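Colleague: Predicted model, plus sequence, below.
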Amino acid sequence: MTVTLPIGPICAKCRFAMAYHPGICPECAQRRPLGYHSTVSSGLAVCASCAGEESVFACTSCGREDQPYSNRRCAGCVLAKRLTTLLTDPTTSRIHDRLQPLYDELAGAKRPQSVISWLLKPPATGNRLLGLMARGEMPISHDAFRGFPSDRSHTYLRDLLAGTGILPAYDASLERIERWLDDKLAPLDAEHAALISRYARWHVLHLLRQQSGGGAHISKGQADAARYKVTLGIRLANWAIEHGTTIATLTQPQLDLYFSDHPGGRAGQYGFISWLRRTGANRALRLTAPPSSLPIVDVSDEERWQQVDILLHDDTIRPYARIGGLFTLLFAQNLMDVCAMTTDQITVTDDGKVLVAFDTTPMGMPPILDTLIREHATRRVPSIASTSHGWLFPGRNPGRHLERENFRKELVAHGIHPARSRHAALFSLAGLLPAPVLADLIGIADKTATKWAMLAARDWSDYIAARTR
């Protein structure tokens, strides 16, 4: 619809453009759409208030000018009405009690247009299922989602409900492994299916749940490693069946024969064989533990500093990857730990210095990196939800942080392999700092710090005595 301003008629598209790209009013210094003539200075474009006019950009409900959506109504008001209609319990004529936190989260979104688009855009899973929940036609529970495909649209809504506290926290990767496990166990006989199921659920998945217990979700690498362990157990079960025996009655000579057929699986099978002995499922089997070795450092310090220079100055790299990569190259941080960092670990002092606590001791950040961190802290939340839930690197799914793969792919695309570069950083730092200090600063175990000190050929044994004196 065309409207007429003192500066001339404008179409709806232009009106939207002016509202979304406001200017600084020269009279009141507020950022507002400038479409009116000043009453003080001839020819000067000002906002409606300074011109003493009623703004054609203002929402007729709340008066906002910056988010026009429909005719004379802003996106926030349109969204609030849609959410109220969608989430109202017909038995009470009020928003469903359990869905109230979701209403508060979405209605307060920084970009209400994105929420409206999410509700309407096919397949509109959120719009459909939330309506069912509000009307009592679908239970508000994780079990209800387990009957649906684990695709992006269903997972996003489930994350949204978990992120707002309506559903308990969960890990989608763990659930996918459990579904995968059911499929893998189905062809096995009852005895072996029960045995492998106990190993997978009580040992392998138990360790994964411990790893994700702090709020960080397991990585693709951790999930793949878990599947590999279970696959090796299934492979041993199938071999035993083919040779007329079972895992429970397998003898040591038969196990040795199995490894002659599968020489590459010895190290991977150690955990399963140890579990068999420990649980009494088969105490006759023994397998030597894989030898421990010092880590390999194949990135020189010169190469590491070249990579640091790239991350400091290449603006084509995504900011989060630059920060995460610099945390790895300068402070030897594991990318999994970087992903799960929270805003509480960042402190900006009154004089603008940026302090980061990787463990318990805050450290000052060097120039450029401190600017990147400050700018990153002001960026909008990528999810449609209104909050980042405390993550320093919030992901697109509500309540979740960015995945390790997001960082790794971006870094590898620019010639930086984070695991190898982290080894180079650890090697360098271990040669500069005593192991106890290194462990406290970057949050690694004392044994790990000592191992790196050995690799760096630095004997810090006199450090403890010196500190005691």
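Modeller: Received it, and whenever you're ready, just let me know what you need.
Colleague: and the nearest residue to residue 148 once chain neighbours are set aside, how many neighbours?
Modeller: Setting aside the residues directly before and after it, residue 148 is nearest to residue 154 in space (CB to CB, 6 or more residues apart in numbering), at 4.7 Å. Using the backbone N, CA and C atoms, a C-beta is placed for each residue, glycine as well. Using other CB atoms under 10 Å, residue 154 has 18 other residues around it.
Colleague: And the pLDDT at residue 154?
Modeller: Per-residue pLDDT puts residue 154 at 92.
Colleague: quick one: buried residues of the helix or strand harbouring residue 235?
Modeller: Assigned by DSSP states H and E, residue 235 belongs to helix 220-242. Of the residues in helix 220-242, 222-223, 226-227, 229-230, 232-237, 239-240 count as buried by neighbour count, 16 or more other CB atoms under 10 Å.
Colleague: Turn those into TSV, including distance to residue 278.
Modeller: What follows is these, written out as TSV (distance: CB to CB, whole Å):
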residue	distance to residue 278
222	22
223	24
226	18
227	22
229	15
230	17
232	17
233	14
234	19
235	20
236	16
237	18
239	21
240	19
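Colleague: which one among those residues gets closest to residue 307?
Modeller: residue 222 (25.3 Å; CB to CB).
Colleague: Roughly how far does the closest one sit from residue 181?
Modeller: 15 Å (CB to CB, to the nearest Å).
Colleague: what's the neighbour count on the closest residue to residue 369 other than its chain neighbours?
Modeller: Nearest residue to residue 369, sequence neighbours excluded (CB to CB, 6+ apart): residue 326, at 5.2 Å. When counting by other CB under 10 Å, one arrives at 22 neighbours for residue 326.
Colleague: Same check on residue 210?
Modeller: There are 9 residues near residue 210, going by other CB under 10 Å.
Colleague: which residues of the stretch 301-450 of the chain score low on pLDDT?
Modeller: The stretch 301-450 of the chain contains residues with pLDDT under 70 at 380-382, 386-388.
Colleague: just the strands in it please.
Modeller: Remark: strands assigned in the stretch 301-450 of the chain by DSSP state E, counting those that start in this stretch are 346-348, 354-357, 362-364.
Colleague: Please compute how far the first one lies from its chain's middle.
Modeller: In other words, strand 346-348. Chain-centre distance of strand 346-348: 20 Å, with CA atoms, centre = their mean, to the nearest Å.
Colleague: residues making contact with that strand?
Modeller: The contact list for strand 346-348 (CB atoms under 8 Å, 6 or more residues apart in numbering) reads 354-357, 362, 373-374, 377, 392.
Colleague: could you flag which of those are buried?
Modeller: Buried among the contacts of strand 346-348 (16+ other CB under 10 Å): 354-356, 362, 373, 392.
Colleague: Nearest to residue 174 among those?
Modeller: residue 392 (23.3 Å).
Colleague: would you list every one of the helices in the stretch 151-300 of the chain?
Modeller: 152-163, 172-185, 190-198, 205-211, 220-242, 252-261, 266-279 (DSSP state H, counting those that start in this stretch).
Colleague: Right, I'll leave it there.
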